[in-house]
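>>> Coordinates only, no sequence provided:
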């Protein structure tokens, strides 16, 4: 039988994760090719760790949201502190800056929980708004990426303000979305390390730019429904009988 050859797009064997996150924090959404390059550079252990942590966010976000918010704040603080520390002369200043930034934001997030949730929800809303705007513009045949920040800004403001009105809704949205993104990213990173599967995964994702978004959206919706159902059932049990 003639053998079937799958043409796999060339992807760098290593992608500097620093540049990938720098682009995100500079409010520029990475292209799908850059995201795939980042996942290709990820190790198997990192992939499995990402899957495990993503499942925790996806299914238990509402139950342990305070811990997860503090963890998110610590990660953001560590990254910001690392960049800030790099501006000073001295040995290991970026590391010291990362430690200080992580501790500072983690400590502040606990007493300012509602504001921290507003920030996390706003970031999730910005991600969704940016994606919707960009895809809508692409569907209409118009260049929308340079203006997609407008959709991101709308999502940021909307979800940020909703945290003060519908607290649980915002928590379940951002934990479900973040958990799904982490889990799917870990699964893809692990799949890319399997030689028999990697070409097919790369070909499928490169040939359909919507596929990655759908892979993230589907588990996020499941997680959102599951978390709200579990929270409603728990509240019903606590409700005293009439």
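Done, it's in. Because the structure is a prediction, the values reported are computed rather than measured.

>>> So in the protein, which helix runs the longest?
In the chain, ranked by residue count with DSSP state H as the criterion, the top helix is helix 209-238.

>>> Please enumerate the helices of the protein.
Counting by DSSP H, one finds helices in the chain at the ranges 17-25, 32-41, 44-60, 65-85, 93-109, 113-139, 148-162, 167-191, 198-207, 209-238.

>>> Buried deepest among those, which one?
Of all those, helix 167-191 carries the top mean neighbour count, a mean of 23, counting by mean count of other C-beta atoms under 10 Å. C-beta coordinates here come from the backbone N, C-alpha and C atoms, glycine included.

>>> Check which helices and strands that one sits against.
Using 3 or more C-beta pairs under 8 Å, 6 or more residues apart in numbering; DSSP states H and E, the elements in contact with helix 167-191 are helix 32-41, helix 44-60, helix 65-85, helix 113-139, helix 148-162, helix 198-207, helix 209-238.

>>> looking at those helices, which is closest to residue 101?
Using C-beta to C-beta as the criterion, the shortest distance between residue 101 and the helices and strands packed on helix 167-191 is 2.2 Å, found for helix 65-85.

>>> what's the angle between the closest one and helix 113-139?
Between helix 65-85 and helix 113-139, the angle formed by their directions is 80 degrees, by axes from the mean of the first three to the mean of the last three C-alpha atoms, to 10 degrees.

>>> Low-confidence stretches in this protein?
Within the chain, the stretches with pLDDT under 70 are 1-30, 138-147, 239-242.

>>> just to revisit the earlier point, which of the helices and strands packed on helix 167-191 sits closest to residue 100?
Comparing the helices and strands packed on helix 167-191 against residue 100 with C-beta to C-beta, the closest turns out to be helix 65-85 (5.3 Å).

>>> List of residues touching that closest one?
Contacts to helix 65-85, defined as C-beta atoms under 8 Å, 6 or more residues apart in numbering, come from residues 21, 25, 56-57, 61, 93-106, 108-110, 113, 116-117, 120, 171, 175, 178.

>>> which phi and psi does residue 43 have?
phi -80, psi 170 (degrees, to the nearest 10).

>>> Now do it: how many residues are near it, please.
Using other C-beta atoms under 10 Å, residue 43 has 11 other residues around it.

>>> hmm, back to that, let's have the helices and strands packed on helix 167-191 in a markdown table, adding distance to residue 189.
Shown next, in a markdown table, are those (distance: least, C-beta to C-beta, whole Å):
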| stretch | distance to residue 189 |
| --- | --- |
| helix 32-41 | 4 |
| helix 44-60 | 4 |
| helix 65-85 | 18 |
| helix 113-139 | 19 |
| helix 148-162 | 25 |
| helix 198-207 | 10 |
| helix 209-238 | 13 |
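
>>> Mind checking the ones you listed for the one nearest to residue 191?
Ranking the helices and strands packed on helix 167-191 by proximity to residue 191 (C-beta to C-beta) places helix 198-207 first, at 4.8 Å.

>>> that older thread, let me know the angle separating the longest helix of the chain from helix 167-191.
Counting by the same axes, to 10 degrees, helix 209-238 points 130 degrees away from the direction of helix 167-191.

>>> Mind giving me the packing neighbours of helix 209-238?
Using 3+ C-beta pairs under 8 Å, 6+ apart as the contact criterion, the neighbours of helix 209-238 among helices and strands are helix 32-41, helix 44-60, helix 113-139, helix 167-191, helix 198-207.

>>> okay, those in a markdown table with distance to residue 153 next?
Compiled in a markdown table, the helices and strands packed on helix 209-238 are given as follows (distance: least, C-beta to C-beta, whole Å):
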| stretch | distance to residue 153 |
| --- | --- |
| helix 32-41 | 22 |
| helix 44-60 | 25 |
| helix 113-139 | 7 |
| helix 167-191 | 17 |
| helix 198-207 | 28 |
